[in-house]
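A.B. asks: Output the structure for:
(4 chains)
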Protein chains: 2
Amino acid sequence: MDIRKVVARNLRRARRSVGFSQEVLAERAKVDRSYVSRIETAKVSVGIDTLANLARALGVRPIDLLEEP
Amino acid sequence: MDIRKVVARNLRRARRSVGFSQEVLAERAKVDRSYVSRIETAKVSVGIDTLANLARALGVRPIDLLEEP
DNA sequence: GTGTGACTCTTAGTCCGTA
DNA sequence: GTACGGACTAAGAGTCACA
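C.D. replies: Model (predicted):
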């Protein structure tokens, strides 16, 4: 499976499981809301720095966002 | 620990364990050799697409390159 | 609350060489 | 066999508007 889609789904799942909107996550991770949307729709190849920021904002490990189904 | 350093060390370890030089890995993963060097010295925030390519070229999972010590 | 287009700026990633 | 530098090109990342 495409790694972008893996990240997309894991990010969305993790985000929803803590009850954050894209807006809240974006604010906490200090990225733009529209960029969170692009990651969750697999439009971009997110960098590991940003991935780590998102993971931290969600209280999960970066590795969790790469977990395959 | 800085995620760049985690990736740097894991990549170098995985690469050496299969006996590849940076050159060989670069060729197989279709990235520039100098860029492999920059990743292994934590100079850049590699994108997940490239990370996946490197992992595949080494016969490991992308997730393995993010494993913490 | 989310996805997307258009734009800008920064950085990823390439290609050369050199130590 | 590896690190680093400069000069480039592609794409990540930021900002804003609109459906």
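
A.B. asks: And the helices in chain A?
C.D. replies: A:3-17, A:22-29, A:33-40, A:48-58 (DSSP state H).

A.B. asks: And DNA strand D, is the longest one touching that?
C.D. replies: No - Helix A:3-17 is not in contact with DNA strand D by CB under 7 Å from any atom of the strand; minimum separation 8.5 Å. All C-beta atoms are positioned from the backbone trio N, CA, C, and that covers glycine.

A.B. asks: For A:V46, which non-adjacent residue is closest in space?
C.D. replies: Nearest residue to A:V46, sequence neighbours excluded (CB to CB, 6 or more residues apart in numbering or on different chains): A:I39, at 5.2 Å.

A.B. asks: which bits of chain A sit near DNA strand C?
C.D. replies: Residues of chain A lying close to DNA strand C by CB under 7 Å from any atom of the strand are A:21-23, A:33-34, A:37-38, A:40-41, A:43, A:45, A:47, A:49.

A.B. asks: give me that answer again for 10 Å
C.D. replies: Residues of chain A found near DNA strand C (CB under 10 Å from any atom of the strand) are A:8, A:12, A:15-16, A:19-26, A:32-43, A:45, A:47-50.

A.B. asks: Whichever of those residues end up buried, select them in PyMOL.
C.D. replies: Buried members of those, defined by 16 or more other CB atoms under 10 Å in any protein chain shown, are picked up in PyMOL with:
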select buried, chain A and resi 8+12+15+20+22+25+26+35+36+39+40+42+45+47+48+49+50
